[in-house]
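S.K.: missing the sequence, but the structure's below:
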C-alpha cells in the first residue's frame, strides 16, 4: 500500500508557492529528516567555524557559504544575534531603494529580499537555501549574516564587498534577551 505525501514550499523571493507530491511505499519507507536531531545540550549543537560558533543546522551549509562569490557591488550586513539585524536590514533596504518607505510594505519579507547567508533547514530542498538563491542574482545583492570576519566567505574581502556592521553594548543584548524571555512567560 502506498501513501501520498504532499510538500509545500512557500515564501520564495518571487512569491511563488510550489507543491510537490511523492508516493511513499509503506513496505520501504524512505529516509526521514529530523528537524533538530541535536538540542542545545548536545555537544554537536554548535561547531567552531574559524572562530565563530555556528549553531545547527546552519553549520551544515558552511562549505557552500565559504564558496559563495560576493561581488564588489554587494552589501553584507554583519551583526551579532539580537543586536538590531532586522533594523539594520530595513535601513539598508530603504537606502538602496532611494529612502522609499513603501519598499518595506510591499508584502515581501525582508529576510527574502536580503537573505540570511547561512540560513539552512534540513527539510528544505538545496535550491531553496539562501546562499544558492543569492548566487542566481546579479551583483548588487544585499545579504546579512551573524558570522565573524574569519568565517565570512573569502570573496567578501577579496572583492572589497561593502560590509555594514552593527555593534551593540553587551549589557543591552542581555536586557533584550531577558525582556523577550520575560514577555514570553508573562503572557501565558
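M.R.: Thanks, I have the structure now. Since the structure is predicted, the reported quantities are computational estimates derived from the model, not experimental observations.
S.K.: need phi/psi at the closest residue to residue 57 other than its chain neighbours.
M.R.: In space, and not counting its chain neighbours, residue 57 is closest to residue 120: 4.9 Å by C-beta to C-beta, 6 or more residues apart in numbering. C-beta here means a position set from N, CA and C on the backbone, and glycine is covered the same way. Dihedral angles of residue 120 (phi, psi; degrees, to the nearest 10) stand at phi -150, psi 150.
S.K.: and residue 157, by the same measure?
M.R.: phi -70, psi -40.
S.K.: how many neighbours does it have?
M.R.: Residues near residue 157, counting by other C-beta atoms under 10 Å, number 12.
S.K.: which residues does it contact?
M.R.: Listed by C-beta atoms under 8 Å, 6 or more residues apart in numbering, the contact set of residue 157 is empty.
S.K.: for residue 150, see how far away it is.
M.R.: Distance of residue 157 to residue 150, given as C-beta to C-beta, to the nearest Å: 10 Å.
S.K.: repeat that for residue 48.
M.R.: 11 Å.
S.K.: now swap in residue 93 and tell me
M.R.: Taking C-beta to C-beta, one finds residue 93 at 27 Å from residue 150.
S.K.: and residue 119, what pLDDT?
M.R.: pLDDT for residue 119: 90.
S.K.: now residue 161: closest residue in space that isn't a chain neighbour?
M.R.: Residue 161 sits nearest to residue 70 (C-beta to C-beta, 6+ apart), 4.3 Å away.
S.K.: show me where the chain has strands.
M.R.: Taking DSSP state E as the test, the strands found in the chain are 2-9, 18-25, 46-49, 52-55, 75-79, 142-145, 162-166.
S.K.: burial of the closest residue to residue 60 other than its chain neighbours, as a residue count?
M.R.: Spatial nearest neighbour of residue 60, chain neighbours left out: residue 120 (5.6 Å); criterion: C-beta to C-beta, 6+ apart. Neighbour count for residue 120, taken as other C-beta under 10 Å: 20.
S.K.: same thing with residue 77?
M.R.: Residue 77: 25 neighbours (other C-beta under 10 Å).
S.K.: residue 141 contacts residue 72, doesn't it?
M.R.: No - with contact defined as C-beta atoms under 8 Å, residue 141 does not count as touching residue 72 (11.4 Å).
S.K.: which one of these two has more residues nearby?
M.R.: Comparing residue 141 with residue 72 by neighbour count (other C-beta under 10 Å), the higher total belongs to residue 141, at 20 against 12.
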